[in-house]
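Asks: Only the shape, not the letters, is given here:
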């Protein structure tokens with residue numbers, strides 16, 4: 001008897017600009033599952049304003065979310081917690097890219113390894129990222145490298161994710177796949 005086909009991963013990439021509603025939408029995708037949920041935060045707190053933002057977001061999510069702070073080893077955090085059977089939300093990939101660049105990591109190798117891992121993860125995984133390629137060409141080399149890394153990362157994840165959603169003014173636009 002032939003092996004049954006492997007179902008596609010329950011993987012969603014949510015893109016959008018600043019204040020587009022992408023995080024709120026992504027949280028709704030994970031909350032809709034019911035059960036335990038984990039928020040994998042990639043941000044680093046560098047100043048008081050960022051500390052206030054993080055606290056506000058944590059309060060907004062409420063006590064039903066467990067937060068894992070992981071600015072660099074995103075693959076390790078996903079491997080460790082996907083096995084728990086929780087809904088996982090990563091917010092956000094562009095902060096993770098910034099952290100990798102600041103740490104002088106091999107961004108292309110880290111990106112390839114993350115993209116290879118994603119289809120193997122059990123349960124629902126929702127990835128949030130800032131769409132940074134819609135504006136003007138940045139005026140400096142570092143910003144252009146960041147934009148290019150983000151664009152390549154988004155394209156690679158979109159190729160393996162069954163769903164890709166762009167949020168605009170709080171509204172989801174399904175670029176790939178359909179609503180859950």
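Replies: Nice, I can see it. Every value quoted in this text rests on a predicted model; they were computed, and no experiment measured them.
Asks: thought residue 145 was touching residue 98?
Replies: No - between residue 145 and residue 98 there is no contact under CB atoms under 8 Å: 11.0 Å. From N, CA and C alone the C-beta is placed, and that goes for glycine too.
Asks: Tell me which of those two has more neighbours.
Replies: Each of residue 145 and residue 98 has its neighbours counted (other CB atoms under 10 Å); residue 98 has more, 18 against 14.
Asks: Quick check: closest non-adjacent residue to the more buried one.
Replies: Leaving aside its sequence neighbours, residue 98 sits nearest to residue 146 (CB to CB, 6 or more residues apart in numbering; 6.9 Å).
Asks: quick one: average pLDDT of the strand or helix carrying the one you found?
Replies: Per DSSP states H and E: residue 146 is located in helix 141-160. For helix 141-160, the mean pLDDT works out to 97.
Asks: Please enumerate residues in contact with that helix?
Replies: 9, 11, 13, 15, 93-94, 97-98, 101, 107-108, 111-112, 114-115, 118-119, 127, 129-133, 137-138, 164, 175-176 (CB atoms under 8 Å, 6 or more residues apart in numbering).
Asks: Kindly recompute the last result at 6 Å.
Replies: For helix 141-160, contacts defined as CB atoms under 6 Å, 6 or more residues apart in numbering pick out 13, 94, 97, 107, 111, 115, 118-119, 132-133, 138, 164.
Asks: Now the two most distant members of those residues.
Replies: Maximum pairwise distance in the contacts of helix 141-160, criterion CB to CB, is 31.6 Å, between 119 and 138.
Asks: Please pull up the helix or strand immediately following the helix-or-strand element of the chain with minimal mean pLDDT.
Replies: One helix or strand of the chain scores below all others by mean pLDDT, DSSP states H and E: helix 48-61, with a mean of 89. For helix 48-61, the succeeding helix or strand toward the C-terminus, using DSSP H and E, is strand 65-69.
Asks: got the residue ranges for the helices in this protein?
Replies: Along the chain, counting by DSSP state H, helices occupy 22-31, 48-61, 74-82, 93-102, 107-117, 141-160.
Asks: Serialize those to CSV and add fields for distance to residue 171.
Replies: Listed next are those as CSV, based on distance: least, CB to CB, whole Å:
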stretch, distance to residue 171
helix 22-31, 9
helix 48-61, 19
helix 74-82, 28
helix 93-102, 21
helix 107-117, 27
helix 141-160, 19
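Asks: So which of those helices is nearest residue 123?
Replies: Closest to residue 123 of the helices of the chain is helix 74-82 (CB to CB; 5.9 Å).
Asks: tell me which residues of the closest one are tucked away?
Replies: The neighbour-count check on helix 74-82 (16 or more other CB atoms under 10 Å) flags 74-75, 77-78, 81-82 as buried.
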